[in-house]
Each structure stands twice: as C-alpha cells, then as structure tokens.
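Asker: build me a structure from this.
(3 chains)
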Amino acid sequence: MLLHIVNRAPQFGEAASQALRVMGPEDKLVLIEDAVIAVLDQAWQGWTLAAERIFVMEEDLEARGLLALVAPEQRVNVNTFVKLSACCQQAISWH
Amino acid sequence: MSQKDTLLVVIRQAPQSGHWLQEALDAAMVGAAFGKTVSLLFMGQGVLALLPGQAQEPGSEKPRLPTQETLAMYDIQHLCVAANDLHAISVKADDLVKGITLLDEEQMLDCFADAANVLNF
Amino acid sequence: MRYALLVMGAPYVSQAPHSALRFAHAVIGQGYDLESVFFYHEGVHNASSLVTPAQGTTCLRSAWKALHQQYNVNLDVCIAAALRRGLVDLAEANRHGYSAYNVEPPFELTGLGQLIALQQRCDRLITFAP
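Answerer: Presented below is the predicted three-dimensional model:
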C-alpha cells in the first residue's frame, strides 16, 4: 500500500492525474499545498475514490479559504499526515 | 513482491526544464553505483527526453539525454516509457532512442507497486 | 520508525520547505526518529546563510538549524546541486578561489550517495518538491 502525495491542483497540471493513473486498489492519496484547490472541481476523478483513500490537508485548505468545502472526515492535519505515511509502506510525491 | 535493492527513478519534466532531467539521471546513476537495480520510467513531458537527435548547446550544462549505451555503462538496463503518454503526443515507439520498453497502464501500476524505493522527479 | 525528508523546493519560492518543516516536527512529536533532511534540486537554497527574509517572516534557515540543534537531525545538502546554484562552504570556496562562502554548519555538503543510503536505511523517505 502506497501513499501518494500531490501538491499541484488537478486543474493546473498533470501531477494529480499521473498519481491517479498509478494508484493501486489499496493506495491512499493526500492533497497538500496547491493540490487542495481540487475541492473546487467536484467533477474531478479523484473524488470517486472511497472516502478512506483520499485526504485533504487542513492547513492548506485554511490558507486558501477553502476549509468549509471539505467534510471534516476528509481533512487531515499534519499529525494524521505523518500517521498515514507511517502505515503506508512508501510515500510517493507528485509535483 | 518488492525486491529490497530496486530503485525506480521517474522522470516527468520536459528535458529542457531546469535541471530536472540531469538531477534525476544523477540520482539514478549514483543509485546504480550503490548496487541498486535501477529502472528509469519516463512519464508525461518526461517522454520528450527519449527523442533522438536533440542538439547539445555547446558550453552550456545541458541535460545529458539518456541513451541505452550511456546508461548501460552505469548498469541501468531498464528504460521504460508510458505508452499512453507517447500516444498523447503522437510519437511512435520507433521514433525514440533504442532500447525503450513501452508500458501499458497496468504495467505502470505494477512498476510502482513493485519498487522498493521510488524517486519521483 | 526512522524517517528522512527530501526537500527539492527553495525557500520563499516554493511551499515545499514550509510543508517539510511542519512534517518534520510532527514526525518528531510522534516519537519517530528523523535522521536527516536532504536538500536537492532547488532545495539547496535552504542552506544559504545569505537569504534574508523580510521582517516578521519565518527565517527558514534558523528553523532548520533549530531542528538540528534540538533533535540532532542532519542537514545534508547535495554538493553538485549546490555548486551549480552558487552555494559553497568554506572548503569549496577555498578550492575555487572564491572570496566568500554561504554554507555553514550544521548544513553539510555531501554527495548524492548519502540520499541513496538514507532511502535504504530509513523506513520512510518523504519528498517535498516545488
């Protein structure tokens, strides 16, 4: 099980779609930095992932005024981000 | 299953974009020198690095374009490219430098799942 | 569990160093070992002693230094990536005959082999890129 970390918005680059392409059935995805802008596009393919496989960084949502758009159970803080990285065997960053 | 000594280096930036290509290849070569079994995977705009005949600007620190021969010197045998990304820019496998393996989407997925270590540039 | 971080984004240009720093503190806060932060690509600019942030802005260099001083985290800087971007320590400045240098301990210039070794030795290598 891999943790994919994306820091670019799917609206503005290839990183997010590249991550989705190589995600295994158990892999998880965390959106950080500018990738949290993905929440503005409800049609983005990443939102079809099961809720326990996709997470959005709270601090980065807050910084962009987007916190209210994401359900609390979908948000992670940096501590949960670390926990996710610990329980996945490897983390792969897409930028 | 992942083998402990495998290193997958992924190149996704266009070859003329900053020092990405050069620094990704440096990491791959050092990895090989440290006894890793290194695979190079070209994705997205990174596939452009595999087009032959790219002129090296004299005197500039241009990216060294990977050829099978130069990489074989460093014991890097596995050069792979995402077939879908080639199709997306209308490039055929025959148009690339020699010795590149085309991967379909399922093989790409395995490539990541099987690598003990990944460096994604 | 042992961690290492790979930082490839420059300070005040990319968010990568900020994210990495926050992550570093969270790793330590949860009782894991953070062995090293390896600076590569544009990330080598984090090591410059001459970066002068505007008043009231976090000084990232001091924050990295504090991480080293408080938790013994190594601050490794890829020497090849550093030299081509104008980052030199005293030894390199002498070797090249430069009148100044801008990399000082606890930042250490080192080879890429260190990154490969870290990835091998640590349980997790987390990358923060621009």
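
Asker: what residues sit buried inside the helix ranked longest in chain B?
Answerer: In terms of residue count, the longest helix belonging to chain B (DSSP state H) is helix B:20-33. Neighbour counts over helix B:20-33 (16 or more other CB atoms under 10 Å in any protein chain shown) mark B:20-32 as buried. (Each C-beta comes from the backbone N, C-alpha and C, glycine too.)

Asker: near chain C, which of those residues show up?
Answerer: Taking CB under 8 Å from any CB of the partner chain as the test, chain C is in contact with B:20, B:23, B:26, B:27, B:30, B:31 out of those.

Asker: are the longest helix of chain B and chain A in contact anywhere?
Answerer: No: contact of helix B:20-33 with chain A (CB under 8 Å from any CB) is absent, the minimum separation being 10.2 Å.

Asker: need the contact partners of that helix.
Answerer: B:7, B:9-11, B:13, B:15, B:38, B:40, B:46, B:49, B:61, B:63-66, B:71, B:74-76, B:119, B:121, C:40-41, C:80-81, C:111-113, C:115-116 (CB atoms under 8 Å, 6 or more residues apart in numbering or on different chains).

Asker: hmm, who's touching stretch C:75-83?
Answerer: B:19, B:23, B:26, C:36-41, C:43-44, C:46-47, C:64-65, C:67-68, C:87-88, C:92, C:103, C:106-112, C:114-115, C:118.

Asker: swap in stretch C:91-99?
Answerer: C:79, C:83, C:88, C:100, C:101, C:103, C:109.

Asker: so which of those residues wins on neighbours?
Answerer: Counting neighbours by other CB atoms under 10 Å in any protein chain shown, the top entry in the contacts of stretch C:91-99 is residue C:103, with 23 neighbours.

Asker: isn't that one right next to residue C:86, touching?
Answerer: No: contact between residue C:103 and residue C:86 fails when scored by CB atoms under 8 Å: they sit 10.2 Å apart.

Asker: do you have the strands of the chain handy? List them.
Answerer: No chain in the question, so chain A it is. A:2-6, A:28-31, A:54-57, A:75-76, A:90-94 (DSSP state E).

Asker: switch to chain B, please.
Answerer: All strands of chain B, identified by DSSP E, fall at B:3-11, B:37-42, B:78-82, B:101-103, B:115-120.

Asker: just give the number of residues close to the closest residue to residue A:75 other than its chain neighbours.
Answerer: Spatial nearest neighbour of residue A:75, excluding adjacent residues (CB to CB, 6 or more residues apart in numbering or on different chains): residue A:58 at 4.4 Å. Residue A:58 has 19 neighbours, counted by other CB under 10 Å.

Asker: per-residue pLDDT, residue A:58?
Answerer: At residue A:58, the model reports a pLDDT of 98.

Asker: quick check: longest helix of the chain.
Answerer: No chain in the question, so chain A it is. In chain A, taking DSSP H as the definition, the longest helix is helix A:78-87.

Asker: you answered for a different chain; I wanted chain C.
Answerer: Longest helix in chain C, counting by DSSP H: helix C:16-29.

Asker: tell me which residues of the next helix or strand along the chain from it come out buried.
Answerer: With elements assigned by DSSP states H and E, the helix or strand that comes after helix C:16-29 is strand C:33-39. Within strand C:33-39, the residues that count as buried by 16+ other CB under 10 Å are C:34, C:35, C:36, C:37, C:38, C:39.

Asker: adding distance to chain A, write these out as JSON lines.
Answerer: Formatted as JSON lines, those follow (distance: CB to the nearest CB, whole Å):
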{"residue": "C:34", "distance to chain A": "10"}
{"residue": "C:35", "distance to chain A": "15"}
{"residue": "C:36", "distance to chain A": "16"}
{"residue": "C:37", "distance to chain A": "14"}
{"residue": "C:38", "distance to chain A": "13"}
{"residue": "C:39", "distance to chain A": "15"}
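
Asker: out of those residues, which is nearest to residue A:73?
Answerer: When the buried residues of strand C:33-39 are compared for distance to residue A:73 (CB to CB), residue C:34 wins out at 28.5 Å.

Asker: wait, that closest one touches residue C:5, no?
Answerer: Yes: using CB under 8 Å, residue C:34 is in contact with residue C:5, at 7.2 Å.

Asker: what residues are shared contacts of the two?
Answerer: Common neighbours of residue C:34 and residue C:5 (CB under 8 Å, 6+ apart) are residue C:24.

Asker: show me what the one helix or strand residue C:117 maps to packs onto, helices and strands only.
Answerer: Element membership for residue C:117, per DSSP H and E: helix C:113-121. Judged by 3 or more CB pairs under 8 Å, 6 or more residues apart in numbering or on different chains; DSSP states H and E, the packing partners of helix C:113-121 are helix B:20-33, strand B:115-120, strand C:2-7, strand C:33-39, strand C:74-78.

Asker: model confidence at residue C:107, what's the number?
Answerer: 98.

Asker: show the pLDDT at the closest residue to it other than its chain neighbours.
Answerer: The shortest distance from residue C:107 to any non-neighbouring residue, by CB to CB, 6+ apart, is to residue C:47 (4.0 Å). With respect to pLDDT, residue C:47 scores 98.

Asker: again with the one 4 residues further on
Answerer: At residue C:51, the pLDDT value in this model is 94.
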